[in-house]
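# I'll drop the sequence and a predicted model, then ask my questions.
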Amino acid sequence: MAKLKGIGLLTAVVMVAFSANSLLNRAALLDGGMGPSAFSLIRVGAGVLTLLILLALRDKTLPKPMALNLPAVAGLSAYMLGFSFAYVSMDAGLGALILFGGVQITMFAGALKAGERPPVNRWLGVLISLGGLAYLVWPSDEITLSGSAFALMSLAALGWGAYSLIGRGVSDPLQATAWNFAYSLPVMALAWLALGTGEPVSQHGILLAIASGAIASGLGYALWYSVLPNLGTTVAGLAQLSVPAIALALGAVFLGEAITLHALLAAGMILGGIAFGIARLR
């Protein structure tokens, strides 16, 4: 029981870190004078530096490179770039709802492919949550959502879902996260050279990108890889749907983003689906 509570607490910490990434990214683009590819490059660079330092301190030696895990790096890179570019024209909370709705679909599909047989309540929880996501993106006078932003965040969801699925089999979460970030860094640099050399960069935006990369991403993702083996794939997918509600609240408090009735109802359906899906039914 104590172990389960500990895993639950660590999972909650990770969800807050994931929410912070949405807030920091949107704040950097909105008020920090940063472009999306510059933000991604600095974010990943800060994550690499932080993780390699932690790895060196832990092992008391210079980190030895791991073999390239191409699917993991591709998933991480797709998430990083899709995430940042989508937030050019999307609120933090709305983006998180789309991102983690897509992540749930990806991880649930991965679980089925791997042979997991979720119980009935988990199926119903997924359907309720996806119903909330569908309601969110349904045309409404309260919410304006561009097709390109939705497509970019969907790409990010596919990348993050794949990255999380790969993380289930990782034996050393800190090392795996450090080198996945390191191998993703050249991809971010190429994206910046191709798309972002004319983007604005500011000191405030750089600080937000560093906070996102070093703390919310680097440390948050290493912690996520450490708890994933203790969570079933479908539970992990459902748990991540708590992020949008946290991001909606933080976006309203710190960025002044409006919380519409439409978004609240969608968030309620999504969170209700999570609660039902992970409940232990007698």
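Received it, and whenever you're ready, just let me know what you need. Keep in mind it's a predicted model, so treat the numbers as computed, not measured.
# Scan this protein for its longest helix.
Criterion DSSP state H: the longest helix present in the chain is helix 2-30.
# average pLDDT across that one?
The average pLDDT within helix 2-30 is 84.
# Any chance of the backbone angles for Asp91?
The phi and psi values for Asp91, taken as degrees, to the nearest 10, are phi -70, psi 160.
# Excluding covalently adjacent residues, which one is nearest to it?
Spatially, and ignoring its direct neighbours in sequence, Asp91 is nearest to Glu257 (4.6 Å; CB to CB, 6 or more residues apart in numbering). Bear in mind the C-beta positions are built from the backbone N, C-alpha and C, glycine included.
# Give the other helices and strands that the helix or strand hosting Leu133 contacts.
Per DSSP states H and E, Leu133 falls inside helix 120-137. On a contact count with 3 or more CB pairs under 8 Å, 6 or more residues apart in numbering; DSSP states H and E, helix 120-137 meets helix 92-113, helix 233-239, helix 261-278.
# can I get the ones you listed in JSON lines with mean pLDDT and distance to Leu24?
What follows is these, written out as JSON lines (pLDDT from 0 to 100; distance: least, CB to CB, whole Å):
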{"stretch": "helix 92-113", "mean pLDDT": "81", "distance to Leu24": "9"}
{"stretch": "helix 233-239", "mean pLDDT": "74", "distance to Leu24": "21"}
{"stretch": "helix 261-278", "mean pLDDT": "78", "distance to Leu24": "20"}
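# Need those helices in CSV (columns: distance to Ala67).
Below are the helices and strands packed on helix 120-137 laid out as CSV (distance: least, CB to CB, whole Å):
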stretch, distance to Ala67
helix 92-113, 22
helix 233-239, 24
helix 261-278, 35
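# export those to a markdown table and tack on distance to Gly8 and mean neighbour count?
Formatted as a markdown table, these follow (distance: least, CB to CB, whole Å; neighbours: other CB atoms under 10 Å):
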| stretch | distance to Gly8 | mean neighbour count |
| --- | --- | --- |
| helix 92-113 | 18 | 24 |
| helix 233-239 | 9 | 24 |
| helix 261-278 | 10 | 19 |
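# Show me the one of those that comes nearest Gly6.
Closest approach to Gly6 among the helices and strands packed on helix 120-137 (CB to CB): helix 233-239, 14.8 Å.
# report the angle between the axes of whichever helix or strand comes after the closest one and helix 120-137?
Once the chain leaves helix 233-239, the next helix or strand it forms, by DSSP H and E, is helix 243-254. Counting by axes from the mean of the first three to the mean of the last three CA atoms, to 10 degrees, helix 243-254 lies at 40 degrees to helix 120-137.
# would you put the C-alpha positions of helix 243-254 in PDB?
Extracted as PDB, the C-alpha positions of helix 243-254 are listed here (Å, rounded to 0.1, in the frame of the first residue of the first chain):
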ATOM      1  CA  VAL A 243      -2.700  17.500 -17.100                       C
ATOM      2  CA  PRO A 244      -5.200  19.500 -19.100                       C
ATOM      3  CA  ALA A 245      -7.300  20.400 -16.100                       C
ATOM      4  CA  ILE A 246      -4.100  21.600 -14.200                       C
ATOM      5  CA  ALA A 247      -3.000  23.500 -17.300                       C
ATOM      6  CA  LEU A 248      -6.400  25.200 -17.700                       C
ATOM      7  CA  ALA A 249      -6.200  26.400 -14.100                       C
ATOM      8  CA  LEU A 250      -2.600  27.500 -14.300                       C
ATOM      9  CA  GLY A 251      -3.200  29.300 -17.600                       C
ATOM     10  CA  ALA A 252      -6.100  31.200 -16.100                       C
ATOM     11  CA  VAL A 253      -4.100  32.200 -13.100                       C
ATOM     12  CA  PHE A 254      -0.800  33.100 -14.600                       C
END
